[in-house]
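*Asks:* A structural model of the following input is requested.
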Amino acid sequence: MRWALVKVCLAVTAMVVIAFAVPLGLVVREMASDRAFSNAERQAASMAPTLSITTDPVQLRKAVESTQMGAAQRMAVHVPPIGDRVAVDIGAGWAGPHAVEETRRMGRATTASVAGGGSALLQPTALGSGDIAVIEIYVPEREVSNGVTTAWLVLAGVGLALIVGSVAVADRLGARLVRPAERLADAAHRLGQGRLGVRVPEQGPKELRSAAVAFNAMADRVVELLANERELAADLSHRLRTPLTVLRLNAASLGDGPAAEQTREAVEQLEREVDTIIRTAREQRSPAGAGGPGAGAGAGCDASEVIRDRMAFWSALAEDEGREVRLAGVDRPVRIPVARPELAAALDALLGNVFRHTPEGTPFAVDVHDAGDAVIVLVSDAGFGIDDPDAALRRGNDGGRDGSTGLGLDIVRRVAESTGGDVRLGRSVLGGTEVRMWIALDGRARAEDRRSRRKGRGAK
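*Replies:* Sure, this is the predicted structure:
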């Protein structure tokens, strides 16, 4: 494309230069010829007054020698016979008798080529007797072409400069067009090879900038879709932890025996496989948007009803382990912009962490508070607490604990951030860990507030 543009520009410029330079060169040559013969005509006309007065050879010779052309021996005067007087020829002459007689007969100025090069101007002049004398002026070839060579060289130089300049401009324009296209093609090739971080600079002409914007948006969307798929795979696998926990506890109560031992081994193997799936999905995923599947203003549920339902599920296990459970704030409906499956998965992740990381018999509580612009779900326990809450909130951090993939709080945070809220860890009134899930009812306002708090923490 670049070379094609250069060739087109070269051809067009060359045609323009030829179309203008050749006629202009011919005009310059014609002007030089006209200038030389006009000067010769003036020199010939300077002899007309003398011829009208006298045809005496001596006087004519003096008059010829007094002129510029005569002094340069480039003027000749041919006087025909008058009465009994013979013809008079002053100067050698260059055109020959035939050209002189032809000019005298025609009665107008003529030009004749000279054998040795150059031309002769023959100018007829009327005498007092009525006869016609002919004044001959020799015009050398150098005068006819005086300045023509220089003019042609100047025109050729200008034309060559125009061609070189146009080729250089076309090459720069071609590079400006081709390089963004090459970058776009290269980025598409690398994206096809799986390099999801590749992006294209939004440079070049308007059309290529639009193509680069569309490509970058497409690449971002591909990354987001892949991340969402991996998040979903990890989340679905993490949700299996709840029934696995029940199976593990039930298997522990089976007692001894080959069947009980096989059951416990199978549950442990299943837990290891689930951990592998979650870790694999976590390692491969890329950052995506805050909103998760099913989250957003278009989905919603009654938080109180979902919490009561999940607490009914976990209460049986809590009773088996001798845990005291307190539930508050779920006596009236509380609508939140979160889909029921997402809230249930977040609650299962929080409660599963309580059962997994606190000893049997440790009490815990679930509280729901309606703050007007947000709904706060508190899950607190009387366990040992978390030494580094900030590290625990880092995405996918498992803290090096066995049986933990670090995605439990990821699920909770993703649900909260899909509404513009967030998740905070702290010390509960029971003495252990408190997880505060803030579900914003006005997503934009909460998102701005959350970003401000994060910037404040980053400044520390």
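
*Asks:* remind me which helix or strand residue 124 belongs to.
*Replies:* Under the criterion of DSSP states H and E, residue 124 resides in strand 119-126.

*Asks:* now for residue 436: which residues touch it?
*Replies:* By Cβ atoms under 8 Å, 6 or more residues apart in numbering, the contact list for residue 436 reads 376-378, 423-426. Every residue, glycine included, has its C-beta placed from N, CA and C.

*Asks:* switch the cut-off to 7 Å
*Replies:* By Cβ atoms under 7 Å, 6 or more residues apart in numbering, the contact set of residue 436 is 376, 378, 423-424, 426.

*Asks:* which among these count as buried?
*Replies:* Listed as buried from the contacts of residue 436 are 376, 378, 423-424; burial here means 16 or more other Cβ atoms under 10 Å.

*Asks:* quick one: mean pLDDT for stretch 157-166?
*Replies:* The average pLDDT for stretch 157-166 rounds to 87.

*Asks:* just the buried residues of that stretch, please?
*Replies:* In stretch 157-166, counting by 16+ other Cβ under 10 Å, buried: 159, 162-163, 166.

*Asks:* adding distance to residue 305, write the residues you listed out as JSON lines.
*Replies:* Shown next, in JSON lines, are the buried residues of stretch 157-166 (distance: Cβ to Cβ, whole Å):
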{"residue": "159", "distance to residue 305": "87"}
{"residue": "162", "distance to residue 305": "82"}
{"residue": "163", "distance to residue 305": "82"}
{"residue": "166", "distance to residue 305": "77"}
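
*Asks:* what residues are up against the spatially most central residue of the chain?
*Replies:* Closest residue to the average C-alpha location of the chain: residue 203 at 2.4 Å, with Cα atoms, centre = their mean. With contact taken as Cβ under 7 Å, 6+ apart, residue 203 is in contact with 180, 209.

*Asks:* check the one 5 residues further on too.
*Replies:* Residue 208 makes contacts with 180-181, as judged by Cβ under 7 Å, 6+ apart.

*Asks:* rerun at 10 Å
*Replies:* 176-181, 183-184, 200, 202 (Cβ atoms under 10 Å, 6 or more residues apart in numbering).

*Asks:* how close does the residue lying farthest from the centre of the chain sit to residue 90?
*Replies:* Most distant residue from the mean C-alpha position of the chain: residue 84, 98.4 Å away (Cα atoms, centre = their mean). Applying Cβ to Cβ, to the nearest Å, the value for residue 84 to residue 90 is 20 Å.

*Asks:* same deal with residue 274?
*Replies:* Counting by Cβ to Cβ, the gap from residue 274 to residue 90 is 127 Å.

*Asks:* the more surrounded of those two?
*Replies:* Each of residue 274 and residue 90 has its neighbours counted (other Cβ atoms under 10 Å); residue 90 has more, 23 against 19.

*Asks:* just to check, that one is in contact with residue 69?
*Replies:* No: the pair residue 90 / residue 69 is not scored as a contact, 11.8 Å apart, by Cβ atoms under 10 Å.

*Asks:* which neighbours do these two have in common?
*Replies:* Counting by Cβ under 10 Å, 6+ apart, the residues touching both residue 90 and residue 69 are 47, 75-76, 135-136.

*Asks:* pipe those residues into TSV and attach pLDDT per row.
*Replies:* Output for the shared contacts of residue 90 and residue 69, formatted as TSV (pLDDT from 0 to 100):
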residue	pLDDT
47	85
75	89
76	89
135	90
136	89
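
*Asks:* so which of those sit within strands?
*Replies:* 75-76, 135-136 (DSSP state E).

*Asks:* for the residue farthest from the centre of the chain, what are phi and psi?
*Replies:* Residue 84 adopts backbone torsions of phi -90, psi 10, taken as degrees, to the nearest 10.

*Asks:* which ones are touching residue 6?
*Replies:* Listed by Cβ under 10 Å, 6+ apart, the contact set of residue 6 reads 166-171, 173-174.

*Asks:* buried subset of those?
*Replies:* By 16+ other Cβ under 10 Å, the contacts of residue 6 give 166-167, 170-171, 174 as buried.

*Asks:* pick out the most distant pair among these.
*Replies:* 166 and 174 (12.0 Å; Cβ to Cβ).

*Asks:* which residues do these two both contact?
*Replies:* With Cβ under 10 Å, 6+ apart, residue 166 and residue 174 have common neighbours 6, 9.

*Asks:* for residue 136, which non-adjacent residue is spatially closest?
*Replies:* Excluding its sequence neighbours, the residue lying closest to residue 136 (Cβ to Cβ, 6 or more residues apart in numbering) is residue 76, at 4.2 Å.

*Asks:* from residue 108, how far out is that neighbour?
*Replies:* With Cβ to Cβ as the criterion, residue 76 and residue 108 are 18 Å apart.

*Asks:* pick out whichever of the two has more residues nearby.
*Replies:* residue 76 (23 against 8).

*Asks:* keep only those of the buried residues of stretch 157-166 that are in helices.
*Replies:* Secondary structure from DSSP state H places 159, 162-163, 166 of these in helices.

*Asks:* can you put the contacts of residue 208 in CSV and add neighbour count, secondary structure and pLDDT?
*Replies:* Shown next, in CSV, are the contacts of residue 208 (neighbours: other Cβ atoms under 10 Å; DSSP: H, G, I helix; E, B strand; the rest coil; pLDDT from 0 to 100):
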residue, neighbour count, secondary structure, pLDDT
176, 14, helix, 72
177, 17, helix, 74
178, 17, helix, 76
179, 15, helix, 79
180, 21, helix, 80
181, 17, helix, 81
183, 18, helix, 84
184, 18, helix, 85
200, 23, coil, 86
202, 14, coil, 83
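
*Asks:* can you map out the strands along this structure?
*Replies:* Here the chain has its strands, by DSSP E, at 75-79, 88-90, 110-113, 119-126, 132-139, 301-302, 325-328, 335-336, 364-370, 374-381, 422-427, 433-440.

*Asks:* to residue 215, which of these lies closest?
*Replies:* Going by Cβ to Cβ, the one of those nearest residue 215 is strand 422-427, 32.9 Å.

*Asks:* still on that earlier bit, quick check, nearest of the contacts of residue 436 to residue 308?
*Replies:* residue 378 (15.5 Å).

*Asks:* pLDDT value on the closest one, please?
*Replies:* 94.

*Asks:* contacting residues for it?
*Replies:* By Cβ under 10 Å, 6+ apart, residue 378 lies in contact with 328-329, 350, 365-369, 424, 426, 428-429, 434-438.

*Asks:* hmm, which of those are the buried ones?
*Replies:* Burial by neighbour count, judged by 16+ other Cβ under 10 Å, picks out 329, 350, 365-368, 424, 428, 434-438 from the contacts of residue 378.

*Asks:* between those, which is nearest residue 385?
*Replies:* residue 428 (8.0 Å).

*Asks:* I'd say that closest one and residue 365 touch.
*Replies:* Yes: Residue 428 is within contact range of residue 365, at 7.8 Å (criterion: Cβ under 10 Å).

*Asks:* joint contacts of the two?
*Replies:* Joint contacts of residue 428 and residue 365 (Cβ under 10 Å, 6+ apart) are 378-382, 434.

*Asks:* out of the contacts of residue 436, which comes closest to residue 333?
*Replies:* Distance to residue 333 across the contacts of residue 436 (Cβ to Cβ) is lowest for residue 376, with 15.9 Å.
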